[in-house]
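Visitor: Can you look at this prediction? I've put the sequence above it.
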Protein chains: 4
Amino acid sequence: MKRDREVTIQELKDLVDKFSAERNWQKHHAPKNLAMNIAIEAAELMEHYVWDRAGEPDKQEVADELADVLFNVLNFASTQRIDLATAFMDKFEKLEKKYPVEKFNVDRDDLDEYRRIKKTYREGKEAA
Amino acid sequence: MKRDREVTIQELKDLVDKFSAERNWQKHHAPKNLAMNIAIEAAELMEHYVWDRAGEPDKQEVADELADVLFNVLNFASTQRIDLATAFMDKFEKLEKKYPVEKFNVDRDDLDEYRRIKKTYREGKEAA
Amino acid sequence: MKRDREVTIQELKDLVDKFSAERNWQKHHAPKNLAMNIAIEAAELMEHYVWDRAGEPDKQEVADELADVLFNVLNFASTQRIDLATAFMDKFEKLEKKYPVEKFNVDRDDLDEYRRIKKTYREGKEAA
Amino acid sequence: MKRDREVTIQELKDLVDKFSAERNWQKHHAPKNLAMNIAIEAAELMEHYVWDRAGEPDKQEVADELADVLFNVLNFASTQRIDLATAFMDKFEKLEKKYPVEKFNVDRDDLDEYRRIKKTYREGKEAA
């Protein structure tokens, strides 16, 4: 079985597509439904961490929930014809500009700049 | 720039790790926080589909939100030392057993079996 | 048993407080944890609506999930000393200003204004 | 303005209904959409707590996000004709049985029982 060093995004997408095609489930996979399902699976992952009182979550259960999120991300990308590598690199460049290493680095974490970014974010929401 | 056919999961993980290391942000990346952030980004993706009234969402904005989810999934996997390809294949085999092609296929979608699976799911939650 | 016409928000808050106090669970109820739990319960409600294929969800199960969300909203409000009636009315006034009846009413649903509001929202997030 | 001690659930529901009716927005309020929106607003509340690094969130902003969740809970209940007080009391009785004070109280927090409940929950999901 391939591991992260060997497997490409497309190989995983192909498995997801095959799974849907064999069951004729593409008809259920409107982007609205898949977006909801990503959020549902993300909440199931989160559920392992909410109360802090029962010790560390089971590693395999957590990996399982994370795989559920990934499965749905791949399904969304495949059905919506989004190249994830391209989307990731676009986002990555935006994040590098938003949090430049001159302001956020090993020696300093620019909290003023961080708060300014978050304030802009929330004012945008408020106005909207 | 590589596309889904060429890029491995590990190459994307390495970029996420480098991004965190350069900013000394690993200290913020407790699994609880990353699980929360996956759910937050998933909700932002979902927000594009909630009201149905303003037509199709912008393709680039959607790809951006999906990339945010993926970024956080990779970050979670990397910091928790989860091999995503392995977790995905484990999950994939479970899904193939849960939804066998004999019951769910092009000619029939076994709604009774589907409802039974969902009922078990909800009774499990109810009991818990 | 009281119904919505008779019960006050405070009466429900008092029950939530009593439930926590009897079990000595206030120590688990950091706002971070309660916010997570509201999101988790919201996802469980959403799960009843994701696939559209098994007909209408069971009314009682849906009411149960909604009650879980409400329970956690009340718990959050109570532990953080937020008067929900006040918070609701503040929000209500903001919403009335954001979506004025001159622009959004029975005869017209101002899609241009709606898109402008959403665009401002997303640009705020993008900038942030 | 009324506060939690004076306001009934129905009074808040009536405001939500009036808001929708004046704008002719009932057509957007399918339960699927409202369930999604509850989850989206819950994620926005959660966003204030995710990174722990910028100190305490602003109290008014938090109250605002909580009010958004409540607004949507009331809207869901009203459009689906769910009496929230009744749903809450039903749920409350179930929670009292699930976490009896003999096992969960000031002197002891029965972690074994707690883990058993959570294990049943997850096995139910796994089976499903």
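Guide: Good, I have the coordinates. Owing to the predicted nature of the structure, the values given are computational and were not obtained by experimental measurement.
Visitor: for the residue located most distally from the centre of chain A, what are its contacts?
Guide: In terms of distance from the mean C-alpha position of chain A, residue A:107 ranks first, at 28.5 Å (Cα atoms, centre = their mean). By Cβ atoms under 8 Å, 6 or more residues apart in numbering or on different chains, the residues touching residue A:107 are residue B:24. Just so you know, the C-beta spots here come from the backbone N, C-alpha and C atoms, and that holds for glycine as well.
Visitor: For it, give its distance to chain C.
Guide: 24 Å (Cβ to the nearest Cβ, to the nearest Å).
Visitor: So what does that residue look like in phi/psi?
Guide: Main-chain dihedrals, residue A:107, degrees, to the nearest 10: phi -90, psi -30.
Visitor: Then residue A:100?
Guide: Torsion angles, degrees, to the nearest 10, at residue A:100: phi -70, psi 140.
Visitor: Give the phi and psi angles for residue A:108, as a check.
Guide: phi -140, psi 150.
Visitor: what about it, how many neighbours?
Guide: Using other Cβ atoms under 10 Å in any protein chain shown, residue A:108 is surrounded by 12 other residues.
Visitor: which residues of chain A score low on pLDDT?
Guide: A:54, A:124-128 (pLDDT under 70).
Visitor: go with 80
Guide: A:52-55, A:106-112, A:115, A:118-128 (pLDDT under 80).
Visitor: Can you show me the strands along it?
Guide: For chain A, applying DSSP state E gives no strands.
Visitor: Okay, helices next: where are they in it?
Guide: For chain A, applying DSSP state H gives helices covering A:9-23, A:31-47, A:59-79, A:84-98, A:111-127.
Visitor: Out of those helices, indicate the one that is most buried.
Guide: Mean neighbours per residue, mean count of other Cβ atoms under 10 Å in any protein chain shown, is largest over the helices of chain A for helix A:31-47, with a mean of 26.
Visitor: does chain D sit close to it?
Guide: Yes: for helix A:31-47, a contact with chain D is found by Cβ under 8 Å from any Cβ of the partner chain, at A:36, A:39, A:43, A:44.
Visitor: repeat for stretch A:108-127
Guide: Yes: using Cβ under 8 Å from any Cβ, stretch A:108-127 reaches chain D at A:109, A:111, A:114, A:115, A:118, A:122, A:125.
Visitor: at contact distance from chain B, anything in that stretch?
Guide: Yes: with Cβ under 8 Å from any Cβ as the criterion, chain B is reached by stretch A:108-127 at residue A:109.
Visitor: returning to what we had before: let me have the helices of chain A in a markdown table, extended by distance to chain C.
Guide: Below are these laid out as a markdown table (distance: least, Cβ to the nearest Cβ, whole Å):
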| stretch | distance to chain C |
| --- | --- |
| helix A:9-23 | 12 |
| helix A:31-47 | 3 |
| helix A:59-79 | 11 |
| helix A:84-98 | 8 |
| helix A:111-127 | 1 |
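Visitor: okay, these in TSV with distance to residue C:53 next?
Guide: Supplementary listing: those in TSV, determined by distance: least, Cβ to Cβ, whole Å:
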stretch	distance to residue C:53
helix A:9-23	12
helix A:31-47	10
helix A:59-79	16
helix A:84-98	27
helix A:111-127	34
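Visitor: Compare those helices and give me the one nearest residue C:55.
Guide: For the helices of chain A, the distance to residue C:55 is smallest for helix A:31-47, at 15.5 Å, taking Cβ to Cβ.
Visitor: elements contacting the closest one?
Guide: helix A:59-79, helix B:31-47, helix B:59-79, helix C:31-47, helix D:31-47 (3 or more Cβ pairs under 8 Å, 6 or more residues apart in numbering or on different chains; DSSP states H and E).
Visitor: That helix to helix D:111-127, inter-axis angle?
Guide: Counting by axes from the mean of the first three to the mean of the last three Cα atoms, to 10 degrees, helix A:31-47 lies at 150 degrees to helix D:111-127.
Visitor: orientation of helix A:31-47 relative to helix A:59-79 in degrees?
Guide: 160 degrees.
Visitor: Could you export helix A:31-47 as CSV, keeping only the C-alpha atoms?
Guide: The C-alpha trace of helix A:31-47 is given here as CSV (Å, rounded to 0.1, in the frame of the first residue of the first chain):
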residue,chain,number,x,y,z
PRO,A,31,-21.6,20.6,-4.0
LYS,A,32,-24.0,21.8,-1.3
ASN,A,33,-24.3,18.3,0.0
LEU,A,34,-20.6,17.6,-0.1
ALA,A,35,-19.8,20.9,1.6
MET,A,36,-22.2,20.0,4.4
ASN,A,37,-20.7,16.5,4.7
ILE,A,38,-17.1,17.9,5.0
ALA,A,39,-18.4,20.1,7.9
ILE,A,40,-20.2,17.1,9.5
GLU,A,41,-17.0,14.9,9.3
ALA,A,42,-14.9,17.8,10.7
ALA,A,43,-17.3,18.0,13.7
GLU,A,44,-16.9,14.3,14.3
LEU,A,45,-13.1,14.7,14.4
MET,A,46,-13.5,17.7,16.8
GLU,A,47,-15.8,15.6,19.1
